[in-house]
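# starting from these lines, generate the structure:
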Amino acid sequence: MVATVLACVLTATGCGSGGEQDAAVPPSSSAATGTGSYPTPPGPSEAAPLPTGFKGTPEGDVPRPADVDRRNADAVGRGALTVMWTYDATVDSGPHDAGLRAADAGWLTKAYATRLRAHRARSAPGAQWREWTDHRAHTVVTLRKAEDAAKPADTGTEAWRQWTVTATPSGRDGWQGEPTTVVAYVRLTRTAADETWRVADVTVP
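Model (predicted):
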């Protein structure tokens with residue numbers, strides 16, 4: 001499914017026939033604010049400026065970093081996820097291109113953007129993507145904030161957010177596909193408390 005493919009792309013790990021392969025991460029030094037579990041954050045990543053420009057312009061309202069308050073972690077997280085789940089079979093070769101658009105636009109930290117650009121899919125997109133191509137489909141993305149008590153407390157330079165992301169394919173010929181819904185954990189970082197946020201990692205359990 002596209003959700004599984006994107007989970008592999010976002011975490012920049014390999015996926016075998018059994019599903020997503022978990023990557024080892026270092027121990028966390030962040031204290032949780034509740035009793036549940038959040039993904040362990042990796043080490044600090046640089047939030048250097050990135051070049052702008054998309055590989056292709058998908059159908060729909062795809063936000064740009066300049067469209068949001070970049071000192072608001074909620075706004076940056078929502079904008080980045082919208083871009084990363086907006087696929088358009090008329091301009092994309094597969095779901096991975098949406099992540100590249102987010103990297104090129106400047107939503108992501110330099111380290112995370114580099115991981116996504118370096119990722120190479122093990123196989124071509126499958127039957128679902130071919131169906132979308134046949135209908136010249138693009139996705140309509142809706143997000144719902146879905147945080148729990150285990151979310152680590154924000155600091156001046158790190159914030160966690162959790163969103164339920166639904167992507168509904170819509171064909172230019174009137175076809176409507178089944179929506180795909182995932183929960184996405186988003187880690188945002190910035191170099192100082194008065195700087196802008198960027199997405200440092202997206203984890204799809």
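# CA atoms for contacts and neighbours, from now on please.
Will do.
# now do the strands in the chain.
Secondary structure of the chain (DSSP state E): strands at 15-16, 19-20, 137-145, 158-171, 180-189, 198-203.
# could you say which of the ones you listed is packed most deeply?
strand 198-203 (a mean of 26; mean count of other Cα atoms under 10 Å).
# measure how that one sits relative to strand 180-189, angle-wise.
For strand 198-203 against strand 180-189, the angle between stretch directions is 140 degrees (axes from the mean of the first three to the mean of the last three Cα atoms, to 10 degrees).
# before we move on, the earlier item: now the strands of the chain as JSON lines including distance to residue 58 and mean pLDDT?
Formatted as JSON lines, these follow (distance: least, Cα to Cα, whole Å; pLDDT from 0 to 100):
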{"stretch": "strand 15-16", "distance to residue 58": "26", "mean pLDDT": "36"}
{"stretch": "strand 19-20", "distance to residue 58": "27", "mean pLDDT": "32"}
{"stretch": "strand 137-145", "distance to residue 58": "7", "mean pLDDT": "96"}
{"stretch": "strand 158-171", "distance to residue 58": "12", "mean pLDDT": "97"}
{"stretch": "strand 180-189", "distance to residue 58": "18", "mean pLDDT": "96"}
{"stretch": "strand 198-203", "distance to residue 58": "21", "mean pLDDT": "97"}
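# between the ones you listed, which one is closest to residue 92.
strand 137-145 (9.6 Å; Cα to Cα).
# which other helices and strands does the closest one contact?
Judged by 3 or more Cα pairs under 8 Å, 6 or more residues apart in numbering; DSSP states H and E, strand 137-145 is in contact with helix 73-84, strand 158-171.
# for residue 104, find the nearest of the strands of the chain.
strand 198-203 (12.6 Å).
# what helices or strands is the closest one leaning on?
helix 2-11, helix 73-84, helix 110-118, strand 180-189.
# just tell me which of those ends up closest to residue 93.
Among the helices and strands packed on strand 198-203, the nearest to residue 93 by Cα to Cα is helix 2-11 (12.7 Å).
# on that earlier part again, rebuild the helices and strands packed on strand 137-145 as JSON lines, extending it with distance to residue 99.
Output for the helices and strands packed on strand 137-145, formatted as JSON lines (distance: least, Cα to Cα, whole Å):
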{"stretch": "helix 73-84", "distance to residue 99": "5"}
{"stretch": "strand 158-171", "distance to residue 99": "14"}
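# quick one: which of the ones you listed is nearest residue 126?
If you check each of the helices and strands packed on strand 137-145 against residue 126 by Cα to Cα, strand 158-171 wins as the nearest, at 15.2 Å.
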